[in-house]
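Engineer: Attaching a predicted model along with its sequence, questions to come.
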2 protein chains.
Amino acid sequence: MFAQRIQHLTSSIIREILASAQKPDVISFAGGLPAEGSFPDVDWSVLPNKVRQYGMSEGEPELREAIAAEARKKGIACDANQVLILSGSQQGLDLVSKLFIDPESNVLVESPTYLAALQCFNLFQANCRGVKLGSKGPDIANFEHQIRDYKPRFTYLIPSFQNPSGTCYDVASRQAVANLLDQYNLPLIEDEPYCELDYDQLEKPPICSFMQKAPWIYFGSFSKVLIPGLRIGYLIAHPDLITHLVRLKQASDLHTNRPGQWLALEYMNSADKPQRLERLREFYRVRRDAFAAALESEFADLAEWQVPSGGLFFWLKLKKTVDTRPLLKRGLEAGVAFMPGEAFFAEENPPHGYIRLNFSHTEPEKIVEGLRRLRKVLEEADNA
Amino acid sequence: MFAQRIQHLTSSIIREILASAQKPDVISFAGGLPAEGSFPDVDWSVLPNKVRQYGMSEGEPELREAIAAEARKKGIACDANQVLILSGSQQGLDLVSKLFIDPESNVLVESPTYLAALQCFNLFQANCRGVKLGSKGPDIANFEHQIRDYKPRFTYLIPSFQNPSGTCYDVASRQAVANLLDQYNLPLIEDEPYCELDYDQLEKPPICSFMQKAPWIYFGSFSKVLIPGLRIGYLIAHPDLITHLVRLKQASDLHTNRPGQWLALEYMNSADKPQRLERLREFYRVRRDAFAAALESEFADLAEWQVPSGGLFFWLKLKKTVDTRPLLKRGLEAGVAFMPGEAFFAEENPPHGYIRLNFSHTEPEKIVEGLRRLRKVLEEADNA
């Protein structure tokens, strides 16, 4: 009765546990929720009457212009016609899947990678293959090896403060990846939701800004810097791709909600945008540092980790290589939520002993207590 | 390089011509835009802070409760757990396609039907088959014949003030269709965006309210009764289907924008909702009657039509069976836009000599002039 893809339909473990993780007595390191305290007050009354009517599939022209102008400053050669406003950048994953994926198509992702991307690509019956990720970017030799072996339709990368690992590609890695993709004319999907959440001022030129030949699509989001509830993201695409993507958007939901687009435009045009961003970075920098200190005091003997220079997550390699999935339920019983690392790997038999901890949403005074509850769960766990 | 489905990717002719149709010197009968004059003033300041954060894939619980309560009044046995809030009901077509359509799957639609539904089903590589539509509903014998011949995955119907034909199924047709679908256990997609735009108080029990056995999904929208720019629609699904649909929604865009959901809830809860709806019906009733009178005086010798009891469109059968697609360009040159009828048929060689005219968006004083421009274009046209 159902389409074949429904056999590959899985739910996000994050959203499954959202209910239990949000109970007041649970300290949650599980989701990727921005802190409510970081949200600006919104003056909804600025919204003009025109946003009530149907809009264009491409998005509001003024917003597309503002996004293109900012992208050019980052080195992406583009104009407003290459910008498509999305109902959150998650929608970009859906449109890209529709554009490139047939059943059994191969897709190269980072190992580990964003689990909602895996879910979306798998729903479209892709075979996702993981490229080894080092501390400064992917293993280029392994990357090229897999391009030759699997002839992927595209590669999906999160070069800045990657979810879940926190990895930020250095400039040399960005250039090397761009050269490799040009060499094999392999399309790049570059997903940058955390790019602005940079606490140590790293240099982060977009990979697509180095590309000369292969097609590319760059995703951006307002969910992390403005307000997630608006569901406003965008993509910027190579001229060969944008027309198809606009039509796929049109067939998916006609166009993105206009009040949200208008508030995103207000944000882009706000004179104090740099100051607002710096306040946001400072807010999260403080939480990251508090979390790092708490990990140092509570987990030094249990796990290894790098302190992330941006984004919202710590990625822990446990000294005990335990399957962390069964521990989630015990954690919730003990009043702490986390993300099992297995969910972030493309492999059918993912490596064990990794967990992802979000540091943006928990008040600093609760971090130590949360980690102590988690520590107890891990200590009681047996090796897989 | 692209997925096979991209060969089936077409753009909406409506949105293609939107730019030219919106030029001030063009009188447009083409789109399905609600009249700006019908939009309520919106007090955005009622929006609570909580709508800034990420929300649930299913939608706001209070809104789902309100929608389920209204649906029960219409005879649909359902609770809030069967309601999924959509980014406009167009998204429902995307989710349904993902749920049911494999390449070469057969789908039964009305002939004619909503062209954006044809585009979406075709993008997922379905074979759409048209069921003959009479003035009071589908030809049941033809319907059963096609169910047996084509073993469709589902049927997509718009029983109230159908787009484009304006047809409203009578109660007997609704019962007969429900019995037929139960007999063959064929899933029903019942799309009701125009249900509330009822100018002659017809009885319109949902088809799914008569169904005992076959699965069903009912689509509703706030775009026609509140504000389209919010992009808020919903579906109500049989318990066997809702879990899959929520997961498909989650993979498509995580969740629907929350400010729009909140304003939809305010509308559902407003004490004067019945009066607001009656004012809206009166607004459109006046425009329909003005359009009917203008057609009578300008087109009586050129075409035949039924005055629609609801919705936004007149469907004209021209006495000259001309291919109306080439006439669109000439119409725009002459300062009038309309929808060629061919776009609304599933057949590869659609019947000629039909056009769809929207009456909701053109100021009454411009209707006669618009029809005179159109008349000239039709008179100059040769038979196909």
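Structural biologist: All right, it came through fine. Just so it is clear, the model here is predicted, and its values are computed rather than measured.

Engineer: Let me see the ranges of the strands in the stretch 51-200 of chain A.
Structural biologist: A:83-86, A:106-111, A:127-132, A:154-157, A:188-191 (DSSP state E, counting those that start in this stretch).

Engineer: packing partners for the second one?
Structural biologist: Secondary-structure packing of strand A:106-111 (3 or more C-beta pairs under 8 Å, 6 or more residues apart in numbering or on different chains; DSSP states H and E): helix A:115-123, strand A:127-132, helix A:140-150, strand A:154-157. For glycine as for every other residue, the C-beta is placed from the backbone atoms N, C-alpha and C.

Engineer: go on, the first one?
Structural biologist: Counting contacts by 3+ C-beta pairs under 8 Å, 6+ apart, strand A:83-86 is packed against helix A:61-73, strand A:233-237, helix A:239-253.

Engineer: go on, the last one?
Structural biologist: Applying 3+ C-beta pairs under 8 Å, 6+ apart, one finds that strand A:188-191 contacts helix A:90-100, strand A:154-157, helix A:171-184, strand A:216-221.

Engineer: Listing partners with orientation, what would you give for the second one?
Structural biologist: It refers to strand A:154-157. strand A:106-111 (parallel), strand A:188-191 (parallel) (DSSP bridges).

Engineer: Pipe the ones you listed into TSV and attach distance to residue A:131, mean pLDDT and mean neighbour count per row.
Structural biologist: As requested, those are exported to TSV (distance: least, C-beta to C-beta, whole Å; pLDDT from 0 to 100; neighbours: other C-beta atoms under 10 Å in any protein chain shown):
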stretch	distance to residue A:131	mean pLDDT	mean neighbour count
strand A:106-111	6	98	24
strand A:188-191	13	98	26
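
Engineer: Nearest spatial neighbour of residue A:85, chain-adjacent residues omitted?
Structural biologist: residue A:59 (2.7 Å; C-beta to C-beta, 6 or more residues apart in numbering or on different chains).

Engineer: who's in contact with the residue of chain A found nearest chain B?
Structural biologist: In chain A, the residue found nearest to chain B is residue A:44; the distance is 3.2 Å by C-beta to the nearest C-beta. Residue A:44 is in contact with A:259, A:263, B:44, B:45, B:47, B:259, counting by C-beta atoms under 8 Å, 6 or more residues apart in numbering or on different chains.

Engineer: what's the fourth one in contact with, if anything?
Structural biologist: Contacts here follow C-beta under 8 Å, 6+ apart; on that basis residue B:45 touches A:44, A:45.

Engineer: now do the first one
Structural biologist: Residues touching residue A:259, when contacts are defined by C-beta under 8 Å, 6+ apart, comprise A:44, A:47, A:51, A:230, B:44, B:229, B:230, B:257, B:259, B:260.

Engineer: Please apply the same query to residue A:229.
Structural biologist: Contacts of residue A:229 by C-beta under 8 Å, 6+ apart are B:51, B:52, B:53, B:54, B:55, B:257, B:258, B:259.

Engineer: where does residue A:340 fall, phi/psi-wise?
Structural biologist: phi -60, psi 130 (degrees, to the nearest 10).

Engineer: cool, residue A:379 as well?
Structural biologist: phi -60, psi -30.

Engineer: ok, now residue A:291?
Structural biologist: Given degrees, to the nearest 10, the pair of backbone angles that residue A:291 has is phi -70, psi -40.

Engineer: And for the closest residue to it other than its chain neighbours, the neighbour number?
Structural biologist: Counting by C-beta to C-beta, 6+ apart, the nearest residue to residue A:291 once its immediate chain neighbours are dropped is residue A:359, at 3.8 Å. Residue A:359 has 23 neighbours, counted by other C-beta atoms under 10 Å in any protein chain shown.

Engineer: Closest one of the contacts of residue A:259 to residue B:168?
Structural biologist: The closest of the contacts of residue A:259 to residue B:168 turns out to be residue B:230 (C-beta to C-beta; 26.4 Å).

Engineer: The nearest residue to that closest one once chain neighbours are set aside: how many residues sit nearby?
Structural biologist: With sequence-adjacent residues excluded and distances taken as C-beta to C-beta, 6+ apart, residue B:230 is closest to residue B:260, at 3.5 Å. Residue B:260: 30 surrounding residues under other C-beta under 10 Å.

Engineer: again, but for the one 10 residues further on
Structural biologist: Around residue B:270 there are 12 other residues, counting by other C-beta under 10 Å.

Engineer: repeat for residue A:121
Structural biologist: Residue A:121 - counted by other C-beta under 10 Å - has 27 other residues nearby.

Engineer: Was I right to think residue A:321 contacts residue A:353?
Structural biologist: Yes. The criterion here is C-beta atoms under 8 Å, and residue A:321 meets it with residue A:353 at 3.7 Å.

Engineer: And the helices in the stretch 201-350 of chain A?
Structural biologist: A:239-253, A:258-269, A:273-299, A:325-333 (DSSP state H, counting those that start in this stretch).

Engineer: Quick check: residue A:366 touching residue A:27?
Structural biologist: Yes. The criterion here is C-beta under 8 Å, and residue A:366 meets it with residue A:27 at 5.2 Å.

Engineer: Neighbour count for those two, which is higher?
Structural biologist: Neighbours were counted for residue A:366 and for residue A:27 using other C-beta under 10 Å; residue A:27 has more, 25 against 14.

Engineer: beta partners for that one?
Structural biologist: Here residue A:27, judged by DSSP bridges, has bridge partners residue A:336.

Engineer: Spit out the contact partners of it.
Structural biologist: A:335, A:336, A:337, A:362, A:366, A:369, A:370, A:373.

Engineer: In which helix or strand does the last one reside?
Structural biologist: When elements are defined using DSSP states H and E, residue A:373 is found to belong to helix A:364-380.

Engineer: report the angle between the axes of that helix and helix A:273-299?
Structural biologist: 40 degrees (axes from the mean of the first three to the mean of the last three C-alpha atoms, to 10 degrees).

Engineer: thinking again about what came up before, closest one to residue B:138 among the helices and strands packed on strand A:188-191?
Structural biologist: Closest among the helices and strands packed on strand A:188-191, once you apply C-beta to C-beta, is helix A:90-100, at 31.0 Å.

Engineer: Figure out how far that closest one is from the centre of its chain.
Structural biologist: Its chain's average C-alpha position is 14 Å from that of helix A:90-100, according to C-alpha atoms, centre = their mean, to the nearest Å.

Engineer: hmm, it touching chain B?
Structural biologist: Yes. Counting by C-beta under 8 Å from any C-beta of the partner chain, chain B has neighbours in helix A:90-100: A:90, A:91, A:93, A:94, A:98, A:99, A:100.

Engineer: can I assume residue A:2 sits in a helix?
Structural biologist: No. The assignment for residue A:2, made by DSSP: H, G, I helix; E, B strand; the rest coil, is coil rather than a helix.

Engineer: I'd guessed it sits against residue B:100; true?
Structural biologist: Yes. The pair residue A:2 / residue B:100 is scored as a contact, 6.5 Å apart, by C-beta under 8 Å.

Engineer: Those two: who's more crowded?
Structural biologist: Neighbour count, other C-beta under 10 Å: between residue A:2 and residue B:100, residue B:100 has more, with 25 against 16.

Engineer: Pretty sure that one sits against residue B:156.
Structural biologist: No. With contact defined as C-beta under 8 Å, residue B:100 does not count as touching residue B:156 (10.1 Å).

Engineer: now the residue of chain A closest to chain B: how far from residue A:66?
Structural biologist: 20 Å (C-beta to C-beta, to the nearest Å).

Engineer: Also residue A:112?
Structural biologist: Look at residue A:112 and residue A:66: by C-beta to C-beta, they are 33 Å apart.

Engineer: higher neighbour count, those two?
Structural biologist: More neighbours surround residue A:112 than the other of residue A:112 and residue A:66, with 26 against 18 (other C-beta under 10 Å).

Engineer: I'd like to know how far the nearest residue to the more buried one once chain neighbours are set aside sits from residue A:115.
Structural biologist: Closest residue to residue A:112 apart from its sequence neighbours, by C-beta to C-beta, 6+ apart: residue A:344 at 3.6 Å. Residue A:344 sits 5 Å away from residue A:115, going by C-beta to C-beta.
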